[in-house]
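Asks: My questions concern the predicted model and sequence given below.
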Amino acid sequence: MPTFHVELIKPSHYDDDGYVIQWMKAWVPSNSLACLYGLAKHAADIRVLGDDVDVIVHAYDETNTVIPIDRIIRRLRREDGIVCMVGVQSNQFPRTLDMARRFRAAGLQVAIGGFHVSGCLAMLPEMPADMRQALDLGVTLFAGESEGRFEDFLRAAYERRLEPLYNYLNDLPPMEGQVLPSLPREVVRRYAPVPGTFDAGRGCPFVCSFCTIINVQGRKSRSRSADDVERLLRENLKHGIRHYFLTDDNFARNRNWEPIFDRIAALREETGVRINFTIQVDTLCHKIPNFIDKARKAGVSRVFIGLENINPDNLIAAHKRQNKAGEYREMLLAWQKKKVTTYCGYIIGFPADTPARILADIKTIQRELPLDILELFVLTPLPGSADHQKLHAEGAPLHPDMNIYDLEHVCTAHARMSGEQWQDVYAKAWDAYYSMEHLETMMRRAAAVGRNPKRIFEISLQFYGCFKFEGIHPLQGGFVRRKIRTERRPPLPIENPLFFYPRRLFEVVATISRFAAYTARVWRLYRRVKRETAAAGRPYVDEALRPLVEEAIDEAVPAMAANG
C-alpha cells in the first residue's frame with residue numbers, strides 16, 4: 001500500500017556562536033506544532049488521500065530534539081511525503097532556510113508557514129529577500145491559518161501540484177468545532193513539566209504597535225467552544241496531561257472565557273484532578289466581573305500579563321493606551337489575593353528610554369508593584385508589526401539578520417541610546433530586578449499573602465538562572481543545554497572535535513558550578529526568610545502590599561466587633 005509521510009518540524013534558531021539553541025527538555029511547548037499535528041492526524045484518520053494510501057505523521061520540536069534530517073531524506077526518497085516547517089517565527093527563518101536547502105537538494109517537497117511568512121505578507125508592500133530565496137529554492141510558502149484547508153494542501157502535495165504561495169490571510173477560519181491541537185506522547189515527554197498546549201481563541205482587539213498577532217490572526221475574537229475545550233482536556237487526561245499553557249494572546253478578551261472557565265471548573269470537581277493553567281491576559285482583566293474568581297476556580301495558577309512599561313508616554317508611543325500604569329498595583333493585588341503567580345512582560349527601548357531612566361523604572365517596579373516574575377524584552381520591530389512596517393517605509397536602519405529578531409538583541413537604532421548602551425542596560429535590568437535584596441522582598445511578600453516563598457526561589461533559578469548562566473532568554477529555555485557540533489550555522493566552520501569537545505566540557509562544568517553556587521545562595525535566603533516569617537508576630541507589609549493589608553484590616557474589624 002502506498003505511504004505518504006508528513007514531516008512536521010518546528011525549528012529553533014541559532015545562538016551567537018552559530019549553534020542551534022536546543023535542550024534535553026524544553027520549557028515552552030509549540031502550539032503551532034500541536035495544531036498542525038492535530039490537523040495532519042485527522043487527515044490521516046479520514047484517509048484524505050484515499051483508502052489505498054496510508055498517511056503517516058511525524059512531529060519534531062527542534063528546541064528539544066535533534067532533527068533527523070538524513071533519516072527523513074532517506075524515508076521520503078524511499079516512499080513519498082512532504083516536509084512542513086511550522087510556526088516559523090522571524091528569528092527562526094534563517095535556520096529554517098538552512099534545513100530547507102538540505103531537503104530541497106535531496107529533491108523533497110518543502111513548505112514553510114508561520115508568523116514570519118504571514119507577517120511579512122500582511123504588512124510589507126513586497127516580499128522580503130529571505131522569502132524570495134525560499135521560493136527560488138522551490139519551497140512553498142503558506143500564509144494564514146491551516147484549519148479548513150490543510151486537507152486540500154496535502155492532496156496537492158501528494159499529487160505533486162503544490163503552488164509556490166498559499167495566502168489565506170484574508171480568510172480567517174472560525175475556531176468552534178475545528179480539529180483540536182494535540183501532540184504525540186514521544187513529543188510531549190520532551191518538555192518539562194509535561195505540558196499540554198492549545199488556543200481557546202485567536203485574535204486581539206487592541207492595536208499595540210509592536211505586536212504581530214493582530215495583523216496575522218486579526219483583531220476579532222474567534223473562539224473554540226466550551227465543548228471543544230472539555231473534549232480536549234478529557235482526551236489528554238487519558239495520557240496524564242494536566243498542566244496547560246493557553247496560547248491565546250489575551251484570554252480575557254476571548255468571548256467564551258466564562259463558559260470555558262465554568263466547564264473546566266466542573267471537570268476539575270467531577271474528576272478530582274487538579275488541572276492547572278498558565279494564561280495570558282491584559283492589565284484590565286481585573287475589571288471584568290468574576291474573571292479572576294472564575295480563573296482561579298478553573299485552575300489558573302500562573303498568569304502572564306503584558307505590563308510592557310510603567311511610563312505613560314512610552315505606552316502611548318506603543319499604542320497601548322489600554323494600559324494604565326496607575327492601575328497596575330490594583331490588578332496585581334487582585335491576582336495575589338487568589339495566590340496566582342504573576343509573570344509580567346516588560347519592554348526596554350521605547351523612545352523615551354535612557355539607561356538611567358530604565359534602571360530607575362526597575363527600582364520603581366520593585367518598590368511599588370507586587371509582581372513575581374519580570375520577563376524583560378528588547379523592543380524589537382518584528383516583521384508583521386506596525387513598528388516594522390513604519391521603520392521599513394522610512395528606510396530606518398534595520399538589522400538584516402533575522403536570527404537576532406528574538407526579543408533579546410538590539411535590531412535597530414534608538415534616538416537616546418547607542419546599540420551598545422541599549423544591549424548593556426537590558427542585561428543590567430535583569431541583574432537589578434533579580435538582585436538578592438529584591439528576591440528577599442518577593443519572598444516576604446509571597447509569605448504575607450499566604451503563598452509559599454519557595455516559589456520565588458524556583459522562579460529565580462528558572463528565569464534569572466537561564467538568562468544569567470546560559471545567556472538565553474527563559475522563553476527559549478530548558479533543562480540541560482545541548483550543542484551538536486555538526487549543526488552550526490553556515491558559513492561558520494564545523495569545529496575540530498579535538499577542540500570542540502574539551503571546550504564544551506569546560507563550558508558545561510563552568511555553567512553548572514556557577515549555577516550551583518547561585519542556587520545555594522538563594523536557598524539560604526529562602527530558608528532564612530521562611531524561618532523569620534514563622535517567628536514574626538505580624539505579617540510583612542510594604543508599599544506594594546499596603547492596599548491589600550488595609551483591605552484585610554477593614555474586613556477584620558467588623559468581624560471582630562460582631563464576635564465581641
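Replies: Structure's in. What do you need?
Asks: lowest average confidence, helix or strand, in this structure?
Replies: helix 546-563 (a mean of 47; mean pLDDT, DSSP states H and E).
Asks: ok, and the closest non-adjacent residue to the residue nearest to the spatial centre of the chain?
Replies: For the chain, L475 is the residue whose C-alpha lies nearest the centre (CA atoms, centre = their mean; 5.8 Å). Nearest residue to L475 in three dimensions, chain neighbours excluded: V28, at 6.0 Å (CB to CB, 6 or more residues apart in numbering). Every C-beta, even on glycine, is put in place using the N, C-alpha and C of the backbone.
Asks: Neighbours of the one you found, how many?
Replies: The tally of other residues near V28 (other CB atoms under 10 Å) stands at 18.
Asks: Give me the secondary structure label for it.
Replies: coil (DSSP: H, G, I helix; E, B strand; the rest coil).
Asks: Tell me where the model's unsure across this protein.
Replies: Low-confidence segments of the chain (pLDDT under 70): 194, 312-326, 548-564.
Asks: in the stretch 151-300 of the chain, which spans are strands?
Replies: 165-167, 195-198, 201-202, 222-223, 243-246, 276-281, 300-308 (DSSP state E, counting those that start in this stretch).
Asks: The residue nearest to H399 when sequence neighbours are not counted: how many residues sit nearby?
Replies: Closest residue in space to H399, ignoring its immediate chain neighbours: C411 at 4.5 Å, by CB to CB, 6+ apart. Residues contacting C411 under the criterion other CB under 10 Å number 25.
Asks: Next, C411: phi, psi?
Replies: With angles defined as degrees, to the nearest 10, C411 sits at phi -120, psi -10.
Asks: correct me, but it touches F377?
Replies: No: counting by CB atoms under 8 Å, C411 stays clear of F377, with 11.8 Å between them.
Asks: buried residues in the longest helix anywhere in the chain?
Replies: Criterion DSSP state H: the longest helix present in the chain is helix 497-535. With burial defined by 16 or more other CB atoms under 10 Å, the residues of helix 497-535 counted as buried are 500, 504, 511, 515, 518, 522, 525-526, 529-530, 533.
Asks: same deal with stretch 173-186?
Replies: By neighbour count with 16+ other CB under 10 Å, stretch 173-186 contains the buried residues 175, 178-183.
Asks: and what of stretch 184-204?
Replies: In stretch 184-204, counting by 16+ other CB under 10 Å, buried: 187-188, 190-191, 194-204.
Asks: Could you tell me the end-to-end distance of that stretch?
Replies: 29 Å (CA to CA, to the nearest Å).
Asks: any idea how far that stretch is from the chain center?
Replies: 11 Å (CA atoms, centre = their mean, to the nearest Å).
Asks: about what we covered before: how about a markdown table for the strands of the stretch 151-300 of the chain, with distance to H58 added?
Replies: Output for those, formatted as a markdown table (distance: least, CB to CB, whole Å):
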| stretch | distance to H58 |
| --- | --- |
| strand 165-167 | 22 |
| strand 195-198 | 19 |
| strand 201-202 | 26 |
| strand 222-223 | 29 |
| strand 243-246 | 23 |
| strand 276-281 | 28 |
| strand 300-308 | 31 |
